[in-house]
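Novice: Here is my input, please return the structure:
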Amino acid sequence: LGQPEVIGEMIAGIMLGPSLLGFLWPDAYTALFPPASLGNLASLSQLGLMIFLFLIGMEVDLSHIRNHLRAAIFISHAAIVIPFTLGVLLALYIYRQYSPAGVDFLSFGLFIGISVSITAFPVLARIVQERGLLGSPTGRMALTVAAIDDATAWCILALVVALVQAKGVASAFVTVVLALTYVLVMLFVVRPFLNRMGTVYYTREIIGRGVMASIILLILGSAVLTQLIGIHALFGAFMAGVVLPADSRFGHLVAEKLRDFASVILLPLFFALTGVRTDFVLIFKSGAWDVMGLVLLVAIGGKVGGGMLSALLVGMKPKPALELGVLINTRGLIELIILNVGYDLGILTRELFAVLVLMAFITTFMTGPILSIMHRKRSQDAPVAVTPPSARGILFSFGPVLTGISLLRIASLLRKEGERITAAHFHRSSELLGRDPVEGKIFRALHARAADSGLQLATVEGVATDISE
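Specialist: Okay, the predicted model is just below:
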């Protein structure tokens, strides 16, 4: 269907829950998810989420954010403030009917506001990559805005959790002060230490089990610390990723070792747990379709409209501004994580949880088709004339840079007068770069060698599900 993998994972989790399996075959559902097993399932999925959010934190490229700071901060905050405000107004309307007993309006309203103003950075990065938008100004701006969105959303969520768990205003103030102190220590003490660590451990052979054990301890220790402070453990795992030097060889190797374990073994448990908690049948029974419509209107209108309006105000043209609004309307996995946090804290009823999960699914699913329609219309409006090449050329594809240099040397020996040499490098579609296109880094050495030899080198960079094809 042209959707990112997370959509399939979300559907699979919901199919395993009471919405489908439990509805059609209750005995199989009970056998698969006996009540006694749900505690263990929640613990394992929590571990998977910590590692996943650590990896997401690594994708937040602070240098890239600085490069587009003013425009990106304005767009990001406008695209949070507008849907957040609308969400709080919506919470005011539904508070009496859909809030659990004992939950005050401040906690409920803030949580509904954050639920409709999220942008899912990892899913957005995958969509931008797969559609070849990494090199476009709109794609780069969307990733920067999403990175700031994620960081801001986690800070607001930390505040909401502090308010819910704190006993009084004084306790909430202490929690916020401790949280700010924790963030400063992570940025200015732990981050320099990890940068130095990255200069020592930079090859696969050097990074042994001891180093990986220290990274796991960093993730869990940071998570435990934020839990003790009074904000959620997942925020600590996210901050541990932010302070690790992701653009270093050390960061890439750590991410490579952890990503498959988290995404293949542990994250599916989170989707299964979310599916068990989500019962769309409750939407039918409670007649919550009016609330469902209002939630979608606020979530889509606030995010797309807020993103587009703020993009126009910073000087973007209407079409790219609309494209940006559609991109940052993507929610996906991060939305599910935050909804589960709200459910665990007792802020959401099962009915409202199901409504918000369905909103997350719809807003994520709609991004791809809308982009396809926009790009198809654009290609019809401005057809590109393709001229056949006047001479033959040599094309080679490479992975490691040293291999590319060797192939360039071979291509220069095979080349005849007037022939063009093209170097191609492809990324797997499952990789999450979340940064600028790596063209500058991956082709820099090849361009230098070509210039020394007086050769004209063309380059191609892309994303492929099957690189051999």
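Novice: any idea how far the helix or strand Ala360 falls within is from the chain center?
Specialist: Element membership of Ala360, judged by DSSP states H and E, is helix 350-365. Taking the mean of its C-alpha atoms, helix 350-365 sits 17 Å from the chain's own mean (CA atoms, centre = their mean, to the nearest Å).
Novice: all helices for the stretch 151-300 of the chain, in order.
Specialist: Counting by DSSP state H, counting those that start in this stretch, the stretch 151-300 of the chain has helices at residues 169-185, 191-200, 209-229, 233-243, 249-260, 267-277, 281-286, 289-313.
Novice: Against Ala311, how distant is the nearest residue to Asn340 once chain neighbours are set aside?
Specialist: Nearest residue to Asn340, sequence neighbours excluded (CB to CB, 6 or more residues apart in numbering): Thr274, at 6.2 Å. In this view, the C-beta of every residue, glycine as well, is placed from N, C-alpha and C. Distance, Thr274 to Ala311, using CB to CB, to the nearest Å: 32 Å.
Novice: So between these two, which is more surrounded?
Specialist: Here Thr274 and Ala311 are compared on neighbour count by other CB atoms under 10 Å; more neighbours surround Ala311, at 28 against 25.
Novice: which one is the more buried one nearest to, not counting chain neighbours?
Specialist: Ala321 (3.7 Å).
Novice: Spit out the contact partners of the one you found.
Specialist: Applying CB atoms under 8 Å, 6 or more residues apart in numbering, we find Ala321 in contact with 307-309, 311-312.
Novice: If we only consider the residues you listed, which is nearest to Ala233?
Specialist: Set against Ala233, the nearest of the contacts of Ala321 by CB to CB is Gly307 (30.2 Å).
Novice: Quick check: chain neighbours aside, which residue is closest to that closest one?
Specialist: Among residues not flanking Gly307 along the chain, Gly325 sits closest, at 3.6 Å (CB to CB, 6+ apart).
Novice: okay, and the helix or strand of this protein with the least pLDDT?
Specialist: Lowest by mean pLDDT, DSSP states H and E among the helices and strands of the chain is helix 62-67, with a mean of 58.
Novice: And the nearest residue to Lys303 once chain neighbours are set aside, how far from Trp154?
Specialist: Spatial nearest neighbour of Lys303, excluding adjacent residues (CB to CB, 6+ apart): Asn329 at 4.4 Å. To Trp154, Asn329 is 19 Å away according to CB to CB.
Novice: Who has more neighbours out of these two?
Specialist: Legend: neighbour count by other CB under 10 Å for Asn329 and Trp154, higher for Asn329 (28 against 25).
Novice: unless I'm mixing things up, the more buried one is touching Thr367, no?
Specialist: Yes - proximity of Asn329 to Thr367 meets the contact threshold set by CB atoms under 8 Å, at 6.5 Å.
Novice: pLDDT weak spots in the stretch 101-250 of the chain?
Specialist: Within the stretch 101-250 of the chain, the stretches with pLDDT under 70 are 129, 132, 134-135, 166-169, 172, 202, 246-247.
Novice: and Thr85, what element?
Specialist: Thr85 belongs to helix 69-98 when assigned by DSSP H and E.
Novice: helix or strand right after that helix?
Specialist: Per DSSP H and E, the first helix or strand lying C-terminal to helix 69-98 is helix 105-115.
Novice: mind checking how far the helix holding Thr85 is from the chain centre?
Specialist: 19 Å.
Novice: quick one: buried residues of it?
Specialist: 71-72, 75-88, 90-91, 94, 98 (16 or more other CB atoms under 10 Å).
Novice: Stretch 324-344 too?
Specialist: Buried, per 16+ other CB under 10 Å, within stretch 324-344: 324-343.
Novice: now swap in stretch 451-464 and tell me
Specialist: Applying 16+ other CB under 10 Å to stretch 451-464 flags 455, 457, 459, 461-463 as buried.
Novice: How about stretch 299-314?
Specialist: 299-300, 302-308, 310-312.
Novice: ok, so of these, who is nearest Leu414?
Specialist: Nearest to Leu414 among those: Ala311, at 47.3 Å, using CB to CB.
Novice: Hmm, that closest one is touching Glu323, no?
Specialist: No - assessed by CB under 8 Å, Ala311 is found out of contact with Glu323, at 9.0 Å.
Novice: tilt between whichever strand or helix holds the residue nearest to Gly307 and helix 289-313?
Specialist: Using DSSP H and E, Gly325 falls within helix 318-328. Taking axes from the mean of the first three to the mean of the last three CA atoms, to 10 degrees, one finds helix 318-328 and helix 289-313 inclined to each other by 130 degrees.
Novice: what does the average pLDDT come to for the helix or strand just after helix 318-328?
Specialist: Downstream of helix 318-328, the first helix or strand assigned by DSSP H and E is helix 332-344. Helix 332-344 comes out with an average pLDDT of 86.
Novice: Check stretch 424-433 too.
Specialist: 63.
Novice: what residues are up against Val190?
Specialist: Contacts of Val190 by CB under 8 Å, 6+ apart are 218, 243.
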